[in-house]
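Fold the following.
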Amino acid sequence: MNTRRNTLRLSLGLALSATAAAAALLAAPAIAVAQGADAWPSRPIKLIVPYAAGGFADTRARKIADKIGQSLGQPIVIDNRGGAGGVTGTDAIAKATDGHTFGFGSPGPLVTNPMLMKKLPYNAARDLQPIILIEEAPLILTTAPNQPFKTVAELVAAAKAKPGTLTYGSSGVGGAHHLSGELLSFQTRTDMVHVPYKGGALAATDLMGGHLAFMFEMGYAALPAIQGDKVKALAVSSKQRLKVLPSVPTLDEAGIKGFESYNWLGMIAPASTPPAVIERLNKAVNEALKDAEVRAMIENTGGMVMGGTPQAYGKFIEAERAKWGPVIKNANITLD
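Model (predicted):
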């Protein structure tokens, strides 16, 4: 009898031990993830900017990197990987596996290039995930002072009166300058001629010389010429007027209802990045965007400070894809 009782006690003890061991094994991954998130970052963070040093994205990245490095307790190393319209650097972000490499995302690599190019080395929707939308940079519709049209309505009327004669310049095929012009043509049902240049500065020079009818320009590039009366700002592409150009109407106010176009910047991560790390980065960047120096850098050049959640940035990207697809298809634009 005692032998049987002892055997039952032994069996029960073994069963309880096995159950406890199984529970511990099941809990281990969750504990490890939590501990890993608490320990992150354990070394310097690499922030890939898919464009050359000194440009629009790079200047933003360096200013913000200083702030988030202080918040996270690790230095942020900027890695400029320009090439192929942002594709080279974005591919490096998508393929990073060290848990400490992230990058900047913009319309070309995340939204329009997959529509303009038959083959990309990454799938933007599958291989990357959003962290935060940092800035929306509206474009300014500009023209030379000697052009006959002084308003958007007059420009559109001129385009309708002589289809295929009004020219607009851009920094190249498929960029924000170009696509903003195509969106204007698409929404007004006019036929205007795109003239691509090897860089926005060359196009701006011809605009000032009266060789182009108009151009969509970034604020940081256009503001000095506007303030110097070398070009005239007809409208801005944002939903609201810009603080730096309060007297210039939006395109919506000028009669092109619902018109919005931005060259935006956000932070993105490889798809394998744990949610806890995404959350920490999102929080750090949101805090950085409250900094007076960061806000001044963005707003003084015509940009708008954004911020928000990863989910909001993801929805924003999806809306951009839905918006630009029909415009690109209608104009039959390709980079191949």
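
With the flanking residues excluded, which residue is spatially nearest to Lys67?
Ala288 (3.6 Å; C-beta to C-beta, 6 or more residues apart in numbering). (C-beta placed from N, C-alpha, C; glycine too.)

residues in contact with the one you found?
The neighbours of Ala288, taking C-beta atoms under 8 Å, 6 or more residues apart in numbering as the test, are 64, 67-68, 71, 294.

Now do it against Met115, distance only.
Remark: distance between Ala288 and Met115 (C-beta to C-beta, to the nearest Å) = 31 Å.

got the contact list for the host helix or strand of Val156?
Element membership for Val156 (DSSP states H and E) is helix 152-161. Helix 152-161 has contacts (C-beta under 8 Å, 6+ apart) with 141, 143, 148-149, 165-166, 185, 188, 190-192, 213-214, 234-235, 249, 251, 254-256.

What subset of those is buried?
For these, a neighbour count by 16 or more other C-beta atoms under 10 Å gives the buried set as 141, 143, 149, 166, 185, 188, 190, 192, 213-214, 234-235, 249, 251, 254, 256.

Please flag which of the residues you listed sit within helices.
Within the buried ones among the contacts of helix 152-161, residues falling in helices by DSSP state H are 185, 188.

Give me the lowest-pLDDT entry from the buried ones among the contacts of helix 152-161.
Ranked by pLDDT, those bottom out at Phe149, which has 94.

Now do the phi/psi pair for it.
Per-residue torsions, Phe149: phi -90, psi 130 (degrees, to the nearest 10).

For stretch 133-144, buried residues please.
Within stretch 133-144, the residues that count as buried by 16+ other C-beta under 10 Å are 133-144.

In CSV, list the residues you listed along with distance to Asp58.
As requested, those are arranged in CSV below (distance: C-beta to C-beta, whole Å):
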residue, distance to Asp58
Leu133, 18
Ile134, 13
Glu135, 13
Glu136, 18
Ala137, 14
Pro138, 20
Leu139, 19
Ile140, 21
Leu141, 26
Thr142, 24
Thr143, 29
Ala144, 30
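
Out of those residues, flag the one nearest to Ala176.
The closest of the buried residues of stretch 133-144 to Ala176 turns out to be Leu139 (C-beta to C-beta; 6.2 Å).

Tell me the secondary structure at the closest one.
Secondary structure, DSSP: H, G, I helix; E, B strand; the rest coil: Leu139 is strand.

Now do it, the pLDDT please.
pLDDT, Leu139: 98.

ok, now Leu8?
Note on Leu8: pLDDT of 38.

And the helices in the chain, which stretches?
Here the chain has its helices, by DSSP H, at 2-39, 56-72, 87-94, 107, 113-116, 124-127, 152-161, 176-188, 200-208, 219-227, 275-288, 292-299, 310-331.

Could you export those helices as a markdown table, including distance to Arg81?
Output for these, formatted as a markdown table (distance: least, C-beta to C-beta, whole Å):
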| stretch | distance to Arg81 |
| --- | --- |
| helix 2-39 | 27 |
| helix 56-72 | 11 |
| helix 87-94 | 4 |
| helix 107 | 18 |
| helix 113-116 | 15 |
| helix 124-127 | 16 |
| helix 152-161 | 38 |
| helix 176-188 | 20 |
| helix 200-208 | 21 |
| helix 219-227 | 22 |
| helix 275-288 | 19 |
| helix 292-299 | 22 |
| helix 310-331 | 21 |
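
Quick one: closest of those helices to Met267.
Nearest of these (C-beta to C-beta): helix 275-288, 6.0 Å.

Run the angle between that closest one and helix 56-72 for me.
Relative orientation of helix 275-288 and helix 56-72, computed by axes from the mean of the first three to the mean of the last three C-alpha atoms, to 10 degrees: 110 degrees.

Show me which positions of stretch 148-165 end up buried.
149, 152, 155-156, 158-159.

what's the answer for stretch 199-210, then?
Neighbour counts over stretch 199-210 (16+ other C-beta under 10 Å) mark 200, 203-204, 206-208 as buried.

ok, and what's touching that stretch?
Residues outside stretch 199-210 that contact it (C-beta under 8 Å, 6+ apart) are 142-144, 146-147, 169-172, 177, 195, 197, 212, 214-215, 217-218, 221-222, 225, 230-231.

which among those residues end up buried?
Listed as buried from these are 142-144, 147, 169-171, 177, 195, 197, 212, 214-215, 217-218, 221-222, 225, 230-231; burial here means 16+ other C-beta under 10 Å.

what about the chain, any weak spots by pLDDT?
For the chain, residues meeting the criterion pLDDT under 70 lie at 1-38.

And it, what are its domain boundaries?
The chain breaks down into these domains under automatic domain parsing: 45-136+262-331, 138-236.

can you give me the offset of the last one from its chain's centre?
Just to be clear, that refers to domain 138-236. Domain 138-236 sits 23 Å away from the centroid of its parent chain (C-alpha atoms, centre = their mean, to the nearest Å).

Can you give me the first-to-last residue distance of that domain?
This stretch, domain 138-236, spans 7 Å end to end (C-alpha to C-alpha, to the nearest Å).

please begin residue numbering at 59 from this point
Yep, numbering from 59; the last one is domain 196-294 now.
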